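Asker: got a predicted model here, sequence first, then my questions.
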Amino acid sequence: LQVPHGPSQPLASSESRRFTNKHSKKALKASLTLGILLGMFFVAWLPFFVTNVAQAVCGCVPAGFFDVLTWLGYCNSTMNPIIYPLFMRDFKRAMGKFLPCCRRPAEPRPSAISLSMRNSHSGPRAPTSLKNVL
């Protein structure tokens, strides 16, 4: 038995293909961002930790070299606020809301009360007790 293909079938197929393609691009971008961030973290901090273990075992690491590796890690931590907005649109929007230097002129700064209400997940809740939870 063959089912006749109606006009809605190709549309659904192309729409699902477009949906899949859009999400695969997002997943690829997220993977690339994560790879860059983790790669930079390991490049900056792994030599410090290896040197730290070597120093504990043999005491053969010069103090100046150890200081350079420590500052390499500090530089990586300093770069994070620059790297995140470059690769993450949501992070950029969040920074724009809260930092005066990054805010658009039409955006008002959220008040502390509205932030606490948004973050507290307040709303009607059923009364709970330890007895009900357990």
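Answerer: That came through fine. Fair warning: this is a prediction, and the values are worked out from it, not measured in the lab.

Asker: and residue 72, how far from residue 49?
Answerer: Residue 72 sits 12 Å away from residue 49 when distances are taken as Cβ to Cβ, to the nearest Å. C-beta coordinates here come from the backbone N, C-alpha and C atoms, glycine included.

Asker: cool, residue 56 as well?
Answerer: For residue 56, the distance to residue 49 equals 11 Å [Cβ to Cβ].

Asker: got it, and residue 34?
Answerer: Using Cβ to Cβ, residue 34 is found at 20 Å from residue 49.

Asker: quick check: longest helix in this structure by residues?
Answerer: Assignment by DSSP state H gives helix 8-58 as the longest helix of the chain.

Asker: so what's in contact with residue 72 and residue 49 at the same time?
Answerer: By the contact definition Cβ atoms under 8 Å, 6 or more residues apart in numbering, residue 72 and residue 49 are jointly contacted by no residue.
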